[in-house]
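Participant: dropping a prediction and its sequence here:
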Amino acid sequence: MFLGLDAGPAVRIVVPQPKDAQSLPIGGERSPAAHPTMSSMNRRHFLKAAAVTGTGLTILRSGTLFGQNTPNKKLNVALIGVWGRGLAHYEGLAKENVVALCDVNELRFPEALAKFPGAKTYIDWRKCLDHKGLDAVVCCTPDHHHAHIAIWAMNRGLHVYMEKPIALSVEEARLVRAEYLKKKDKIATQAGTQRHANPNFARVRELIKDGAVGDLQGVFVWGNRKLPRPGYLAAEGKPPSTLHYDQWIGPSPYHPYNPGYFSGSAGANCLQWNMFWDFGTGQVGDMGAHTMDLAWNAIDAGVPTSIEAKGDAFNPDVTPVELTAHFNHPANDWRPAIRVSWYQGGALPTSPKPWIDLNKIGHGAMFKGAKGVLVADFNTRTLIPAADSSDLTYYKPRKPAEVTPPIGNFQDEFFRACKGNLKTSCNFDYNGLMTEQMALGLAAYRSGKKLDYDGKTGTVTNAAEANAFLKRPYRAGWPING
Ligand SMILES: NC(=O)c1ccc[n+]([C@@H]2O[C@H](COP(=O)([O-])OP(=O)(O)OC[C@H]3O[C@@H](n4cnc5c(N)ncnc54)[C@H](O)[C@@H]3O)[C@@H](O)[C@H]2O)c1
């Protein structure tokens, strides 16, 4: 008997992916939006033939029928962090089987269960990840759990959609990326930088790659959000019995309860905790994850070789509001060596023209080249050729057929990838390198020195003491590789 693709509990099968299914060289060329290409009819035939002949099928530990090339099969998904940003995933998740819901706040379950009736609820994500038959995890918890949950989930062979930032420290970004690279032929990953699907991201990349600014000389990225805080919130009251506060603290060093950490609106509560070192990386991992992505998508960069940064006076509790970080990246096969700079909280690059007020672009990127400048926000772009290049004859725009196809819905891209060719636009390789770069900016800020960095070993080579800033402390009982 052939085990139908939509059959219930039976045998779990995986069709091996071609070796090059998800290979992304460091700093190399990336394929445009990756969509499954095999038609569902072909997949059905392929799976049926494979099932009959026994070719290439692996029986996995869970008891459900599962094939990566089964676009019609619903995935068994766990949503970890069900409120706030979690709500933005409900629509996409409703097309799959949400079998597990995890949150530290029990008051968030009724709304989630109304949307996903029958799902099992968990307080502790470590237990949730062992839910039987799970295929994928969507994680919307606070940032200080992200690298842990990503690695624990990948260790269990699960596909992972992780809200941004995927890690807080350089060490975490490297561990998450390394774990993904080990498993990339079996799992799909997506970092939650959904603006990446805005067509403008692809247009900016095309302009830069096609030479609209000539040889690239420098990249400048900025964000104007400011969340000044004096320090961790003082102890105030006791957590309600429905809030599992110790589980909220999780791997981070303990800080006493204060309701202020939980006082924000849905999807913006992260602004109540992400500026504190033990819970976030401030604007580096907040808007920086989105805005640097606009540039990162266009420059095919790996890890920087040196980093320098300056900003507010160091506060051991709170990440800097104002920060400027410069990252030197070696040349690659299509552009020279460049310096990528990040500005936040009031710091800004110099405007290319006195009549352009970069302040008016809250979150933007600017690419300076030998022939002109491109200024972009998340949805629009402006090309300013240099005076002697203003005829634009040096640049050949793409024909309509050569334009990068749209990504479509970013969350859907992840679920399609889980069931298809595993390709997503922001996997943990691409985003892991970007997150490592951004975390290096904070390490350089803390050390107060220009750091030379060996990306192979993940170490600072000219200031041994700065290596302490590449990692963060964990509480006992919360290993990152569990
Ligand atoms: N991609 C985007 O545009 C975007 C927008 C907003 C937030 N985010 C990201 O989403 C994440 C969540 O942000 P938020 O504002 O929703 O935060 P939040 O504080 O509201 O937390 C979200 C949910 O996670 C739950 N939670 C907290 N700790 C948990 C734990 N240890 N285990 C399970 N559940 C836990 C909370 O109770 C809440 O229901 C952050 O990483 C943030 O950076 C992304």
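Facilitator: Structure's in. What do you need?

Participant: quick one: the helices in the stretch 101-250 of the chain?
Facilitator: Remark: helices assigned in the stretch 101-250 of the chain by DSSP state H, counting those that start in this stretch are 109-115, 125-128, 146-155, 170-183, 199-209, 245-249.

Participant: which helices and strands does the fourth one pack with?
Facilitator: It refers to helix 170-183. Judged by 3 or more CB pairs under 8 Å, 6 or more residues apart in numbering; DSSP states H and E, helix 170-183 is in contact with helix 146-155, helix 430-447. Using the backbone N, CA and C atoms, a C-beta is placed for each residue, glycine as well.

Participant: spit out the contact partners of the nearest residue to Arg446 once chain neighbours are set aside.
Facilitator: Closest residue to Arg446 apart from its sequence neighbours, by CB to CB, 6 or more residues apart in numbering: Phe469 at 4.5 Å. Residues near Phe469 by CB atoms under 8 Å, 6 or more residues apart in numbering: Leu442, Ala443, Arg446, Ser447.

Participant: what's the first-to-last distance across stretch 136-155?
Facilitator: Length of stretch 136-155, first residue to last, CA to CA, to the nearest Å: 12 Å.

Participant: and His326, what are its bridge partners?
Facilitator: For His326, the beta-bridge partners under DSSP bridges are Glu308, Ser341.

Participant: so it touches Ile338, yeah?
Facilitator: No: look at His326 against Ile338 with CB atoms under 8 Å: they stay out of range, at 10.6 Å.

Participant: who has more neighbours out of these two?
Facilitator: Ile338 (23 against 20; other CB atoms under 10 Å).

Participant: could I get the pLDDT score of whatever residue of the stretch 51-200 of the chain ends up closest to the ligand?
Facilitator: Closest contact between the stretch 51-200 of the chain and the ligand, by CB to the nearest ligand atom, is at Gly84 (2.2 Å). If you check Gly84, the pLDDT there is 98.

Participant: what sits against it?
Facilitator: Cys140, Ala266, Gly267, Ala268, Asn269, Cys270.

Participant: try it again at 7 Å.
Facilitator: By CB atoms under 7 Å, 6 or more residues apart in numbering, Gly84 lies in contact with Cys140, Ala266, Gly267, Asn269.

Participant: emit the PyMOL select command for whichever of those residues are buried.
Facilitator: A single PyMOL command selects the buried members of the contacts of Gly84 (16 or more other CB atoms under 10 Å):
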select buried, resi 140+269
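
Participant: and the contacts of Gly84 as a markdown table, adding secondary structure and distance to the ligand?
Facilitator: Below are the contacts of Gly84 laid out as a markdown table (DSSP: H, G, I helix; E, B strand; the rest coil; distance: CB to the nearest ligand atom, whole Å):
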| residue | secondary structure | distance to the ligand |
| --- | --- | --- |
| Cys140 | coil | 5 |
| Ala266 | coil | 7 |
| Gly267 | coil | 5 |
| Asn269 | helix | 3 |
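
Participant: dump the contacts of Gly84 to CSV, plus pLDDT.
Facilitator: CSV is the format used below for the contacts of Gly84 (pLDDT from 0 to 100):
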residue, pLDDT
Cys140, 99
Ala266, 98
Gly267, 98
Asn269, 98
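
Participant: that older thread, need the helices and strands packed on helix 170-183 in TSV (columns: mean neighbour count).
Facilitator: Below are those laid out as TSV (neighbours: other CB atoms under 10 Å):
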stretch	mean neighbour count
helix 146-155	25
helix 430-447	26
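
Participant: next, format those as a markdown table and append mean pLDDT.
Facilitator: Shown next, in a markdown table, are the helices and strands packed on helix 170-183 (pLDDT from 0 to 100):
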| stretch | mean pLDDT |
| --- | --- |
| helix 146-155 | 99 |
| helix 430-447 | 99 |
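
Participant: pull the residues that contact stretch 284-302.
Facilitator: Outside stretch 284-302, the residues touching it (CB under 7 Å, 6+ apart) are 26-29, 143, 164-165, 168, 193, 195-196, 201, 204-205, 208, 219, 221, 223, 225, 270, 274, 329, 332, 338, 340, 342, 344, 363, 365, 367, 376, 378, 433-434, 438, 441-442, 455.

Participant: which among those are in contact with the ligand?
Facilitator: Of the residues in the contacts of stretch 284-302, proximity to the ligand by CB under 6 Å from any ligand atom holds for Asp143, Lys164, Cys270.

Participant: which secondary structure element contains the closest residue to the second one other than its chain neighbours?
Facilitator: If the residues on either side of it in the chain are set aside, Lys164 comes closest to Ala289, at 3.8 Å by CB to CB, 6+ apart. Ala289 belongs to helix 287-299 when assigned by DSSP states H and E.

Participant: how far off centre is that helix?
Facilitator: 11 Å (CA atoms, centre = their mean, to the nearest Å).

Participant: which parts of stretch 209-226 are buried?
Facilitator: 209, 211-214, 216-217, 219-225.

Participant: among those, which two are most distant?
Facilitator: Maximum pairwise distance among these (CB to CB): 32.9 Å, between Gly211 and Arg225.

Participant: get me the contact residues on the stretch 1-150 of the chain for the ligand.
Facilitator: 80-86, 102-105, 108, 125, 140-143, 145.

Participant: residues in contact with stretch 200-207: which ones?
Facilitator: Taking CB under 7 Å, 6+ apart as the rule, stretch 200-207 contacts 32, 294, 297-298, 374, 376, 378-381, 383, 398, 404.

Participant: in helices, which of those appear?
Facilitator: Leu294, Asn297, Ala298 (DSSP state H).

Participant: mind giving me JSON lines with those and columns for pLDDT, neighbour count and distance to Asp388?
Facilitator: What follows is the ones in helices among the contacts of stretch 200-207, written out as JSON lines (pLDDT from 0 to 100; neighbours: other CB atoms under 10 Å; distance: CB to CB, whole Å):
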{"residue": "Leu294", "pLDDT": "98", "neighbour count": "26", "distance to Asp388": "28"}
{"residue": "Asn297", "pLDDT": "98", "neighbour count": "21", "distance to Asp388": "29"}
{"residue": "Ala298", "pLDDT": "98", "neighbour count": "24", "distance to Asp388": "24"}
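
Participant: for these, which one is nearest the ligand?
Facilitator: Checking those against the ligand with CB to the nearest ligand atom, the nearest one is Leu294 at 13.5 Å.
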